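In: Pasted the sequence and its predicted model underneath.
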Amino acid sequence: MCAVLRFADSWSWWALLWAPLLVLALGATVYEWQLLARSRWRMAPVEWGLLAVSHLGLAAALAAVWLGAH
């Protein structure tokens with residue numbers, strides 16, 4: 001793997017380091033939404049709104065990082 005990365009640019013190093021973390025974060029988010037969908041009546045509407053806004057903020061931050069890198 002080091003031989004492949006030696007001939008690549010620095011973006012490949014960052015992708016190699018951050019891709020597993022991003023996959024883990026997305027998997028945890030999907031799992032969280034599945035659990036919350038099963039118990040959706042236990043949350044107040046305000047809590048649902050805050051949850052949606054926080055996830056939208058995460059998506060916006062990831063998009064800003066992605067667009068800034070390209």
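Out: That came through, no problem.

In: all helices of this protein, in order?
Out: Taking DSSP state H as the test, the helices found in the chain are 2-6, 10-38, 45-69.

In: Quick one: neighbours of the nearest residue to residue 55 once chain neighbours are set aside, just the number.
Out: Of all residues not flanking residue 55 in the chain, residue 29 sits nearest, at 6.9 Å (CB to CB, 6 or more residues apart in numbering). Every C-beta, even on glycine, is put in place using the N, C-alpha and C of the backbone. Neighbourhood size, residue 29 [other CB atoms under 10 Å]: 13.

In: Pretty sure residue 29 sits against residue 54.
Out: No: counting by CB atoms under 8 Å, residue 29 does not reach residue 54; the two are 10.3 Å apart.

In: just to revisit the earlier point, can you lay out the helices of the chain as a markdown table showing mean pLDDT?
Out: Output for these, formatted as a markdown table (pLDDT from 0 to 100):
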| stretch | mean pLDDT |
| --- | --- |
| helix 2-6 | 57 |
| helix 10-38 | 79 |
| helix 45-69 | 87 |
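
In: hmm, back to that, now the residue nearest to residue 55: how far from residue 36?
Out: 11 Å (CB to CB, to the nearest Å).

In: do you know how far residue 26 is from residue 17?
Out: Distance, residue 26 to residue 17, by CB to CB: 16 Å.

In: neighbour-wise, which of those two wins?
Out: Of the pair residue 26 and residue 17, residue 26 is the one with more neighbours under other CB under 10 Å, namely 12 against 9.
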